[in-house]
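Q: Sequence plus predicted model, see below.
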Amino acid sequence: MLSAKDFGKNFEWGVAIAAAQNEGAATEDGKGLSIWDVYARRTGKIKGGGKPAVGCDFYHRYKDDL
């Protein structure tokens, strides 16, 4: 397993998150649809017809994740 010492002292860590994969709740509390939400609702755009409406539902489950 790697540890922080396995990286150089100038190594910069970074993180990212994508709303469509994580947030869910696109229409709650005044939130609006993202470009991805609109695109994914179009028939034939997502293989298998999947929709990113819920994702990991971080919007409702964030306390469990923190």
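A: That came in fine, so what should we check first?

Q: For this protein, which segments count as helices?
A: Using DSSP state H, the helices of the chain run over 19-22, 35-40, 58-65.

Q: now what about the longest one, what contacts it?
A: Translated: helix 58-65. 22-25, 28 (C-beta atoms under 8 Å, 6 or more residues apart in numbering). In short, each C-beta sits where N, CA and C put it, glycine included.

Q: OK, contacts around Leu33?
A: Leu33 touches 26-27, counting by C-beta under 8 Å, 6+ apart.

Q: at 6 Å what do you get?
A: If a contact means C-beta atoms under 6 Å, 6 or more residues apart in numbering, then Leu33 has Ala26 as its contacts.

Q: Check the gap between it and Gly14 for me.
A: Applying C-beta to C-beta, to the nearest Å, the value for Leu33 to Gly14 is 27 Å.

Q: again with Ala40
A: For Ala40, the distance to Gly14 - C-beta to C-beta - is 26 Å.

Q: Looking only at neighbour counts, state which of these two leads.
A: Neighbours were counted for Ala40 and for Gly14 using other C-beta atoms under 10 Å; Ala40 has more, 17 against 4.

Q: Would you agree that one is in contact with Val54?
A: No. If you go by C-beta atoms under 6 Å, Ala40 and Val54 don't touch, sitting 11.8 Å apart.

Q: possible to save the helices of the chain as a markdown table with mean pLDDT?
A: Shown next, in a markdown table, are the helices of the chain (pLDDT from 0 to 100):
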| stretch | mean pLDDT |
| --- | --- |
| helix 19-22 | 81 |
| helix 35-40 | 87 |
| helix 58-65 | 89 |
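
Q: Out of those, flag the one nearest Gly50.
A: helix 35-40 (7.7 Å; C-beta to C-beta).

Q: hmm, back to that, what do Ala40 and Val54 both touch?
A: Between them, Ala40 and Val54 share no contacting residue, judged by C-beta under 6 Å, 6+ apart.

Q: follow-up on the earlier one: would you mind finding the most buried of the helices of the chain?
A: helix 19-22 (a mean of 16; mean count of other C-beta atoms under 10 Å).
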